[in-house]
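Enquirer: coordinates only, sequence not included:
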C-alpha cells in the first residue's frame, strides 16, 4: 500500500508538471521595429510580418496559441527565438501577431499561452483576419510531430452572386454578367498633394472578398462609419488607392479594415510605407492578402 500511494503521488506530480508546461499565463509584449531583419536564436531571420514569437523554454517550431484574457482575441504563433526577459512576461510576439490581438496601443496585456502543435514553417497570414485554428493540443518534445492537416476557413464566393432566375429562357450573355470592381495592380503609387475634393475622390470603395496581393493596412475599426470617415479625410488630403474590407475578430463581432494598394511586391509596399505614408500622417503594416 505504501508503494501504491508513492506511485500515485508521482503520477499526479508528473501530470501537473506536463499540464503546466503546455499552458501558461502572463504578459505578452511585441518586438520593437528595429529588430526586424535580425537573426533569431534559432538561426532564422526575424520578420515583423510573420506569425512568430520568442519563448524561454519551448523548443523551436512549437506552435503556441496566445489568447488575451480581457477580449478573448487569439492568434497562433511559432517559436523561433528565445525570450522574453521582462518581469511577468511569457511570450514576445511579432508585430503582425500583436495586430491580431489588438495589442499595438496597449503594448502589454495578460494572455493565456497554450501549446497546440509543432511545425517547421510559420503559420500562414490569412486575409480574413481569423485565427489559425483546428490543431488539437498534443504532447511534444524536441522532435517534430506529425500535424494533421487543418481545414481552411470557409469563405464566401468571390464577387457578387446574382439572384436566382426563375425564367426558363436563357438570358443574353451580357445581361448575365455582373461587373466586379477590383483595384488595379500597380507599382508603388505616387503621392499626390492638394487634390481638389470631388465626388469621385470621396467615394468609399471596398475590396472584394478573395482579393490578393500586397497591401498596407492603415487601421481597423469597430464602427464602419469611423472607417469611412477616416478614408474620406485621407482622400481629401490627396491619398489614393484606399479601400475598406469587412471582416471579423471574434464570433458575432465585425471589424472594418482600411487598406492601401495593391503593390506588386512586398519591397514596393515597404518603401511606400516608409517614404510616403508619413507625409499623410499615417502608418501601418504590410500584409499579404491571399
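Expert: Alright, I've got the coordinates. From a predicted model like this one, the values you see are computed outputs, not experimental measurements. Numbering: from 1, shown residues only.

Enquirer: Give the residue spans of the stretch 151-290 of the chain that score low on pLDDT.
Expert: Within the stretch 151-290 of the chain, the stretches with pLDDT under 70 are 151-202, 249-251.

Enquirer: quick one: the helices in it?
Expert: 173-176, 224-236, 266-275 (DSSP state H, counting those that start in this stretch).

Enquirer: One more: the stretch 1-150 of the chain?
Expert: Under DSSP H, counting those that start in this stretch, the stretch 1-150 of the chain gives helices at 2-22, 95-100.

Enquirer: Lowest average pLDDT across those?
Expert: With a mean of 48, helix 2-22 has the lowest mean pLDDT of the helices of the stretch 1-150 of the chain.

Enquirer: circling back to that earlier point, tabulate the helices of the stretch 151-290 of the chain (a markdown table), appending distance to residue 67 and mean neighbour count.
Expert: The way it works is simple: take the backbone N, C-alpha and C, and place the C-beta from them, glycine included. Converted to a markdown table, the helices of the stretch 151-290 of the chain look like this (distance: least, Cβ to Cβ, whole Å; neighbours: other Cβ atoms under 10 Å):
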| stretch | distance to residue 67 | mean neighbour count |
| --- | --- | --- |
| helix 173-176 | 46 | 8 |
| helix 224-236 | 26 | 16 |
| helix 266-275 | 29 | 17 |
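
Enquirer: Go through these and name the closest to residue 32.
Expert: helix 266-275 (16.0 Å; Cβ to Cβ).

Enquirer: returning to what we had before: could you save the helices of the stretch 151-290 of the chain as a markdown table and add columns showing distance to residue 253?
Expert: As requested, those are exported to a markdown table (distance: least, Cβ to Cβ, whole Å):
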| stretch | distance to residue 253 |
| --- | --- |
| helix 173-176 | 36 |
| helix 224-236 | 13 |
| helix 266-275 | 28 |
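
Enquirer: Indicate which one of the ones you listed is closest to residue 69.
Expert: helix 224-236 (26.0 Å).

Enquirer: and the closest one, what does it pack onto?
Expert: strand 213-221, strand 242-250, strand 253-263 (3 or more Cβ pairs under 8 Å, 6 or more residues apart in numbering; DSSP states H and E).

Enquirer: one more time with 6 Å
Expert: Helix 224-236 sits against strand 253-263, with contacts defined as 3 or more Cβ pairs under 6 Å, 6 or more residues apart in numbering; DSSP states H and E.

Enquirer: Distance of the nearest residue to residue 211 once chain neighbours are set aside relative to residue 213?
Expert: Leaving out its chain neighbours, the residue that sits closest to residue 211 by Cβ to Cβ, 6 or more residues apart in numbering is residue 289, at 5.6 Å. Distance from residue 289 to residue 213, counting by Cβ to Cβ, to the nearest Å: 6 Å.

Enquirer: who touches stretch 278-285?
Expert: Outside stretch 278-285, the residues within contact range by Cβ atoms under 6 Å, 6 or more residues apart in numbering are 191, 216, 217, 218, 237, 239, 277.

Enquirer: ignore the last one, stretch 39-59
Expert: Here stretch 39-59 has contacts from 35-36, 38, 60, 77-84, 91-97, 122-123, 142, using Cβ under 6 Å, 6+ apart.

Enquirer: ok, now with 7 Å
Expert: 31, 33, 35-38, 60, 64, 75-84, 91-97, 122-123, 125, 142, 286 (Cβ atoms under 7 Å, 6 or more residues apart in numbering).

Enquirer: Among the residues you listed, the buried ones, what's the PyMOL command?
Expert: Only the buried entries of the contacts of stretch 39-59 go into this PyMOL selection, using 16 or more other Cβ atoms under 10 Å:
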select buried, resi 31+35+60+64+75+76+77+78+79+80+81+82+83+84+91+92+93+94+95+96+97+122+123+125+286
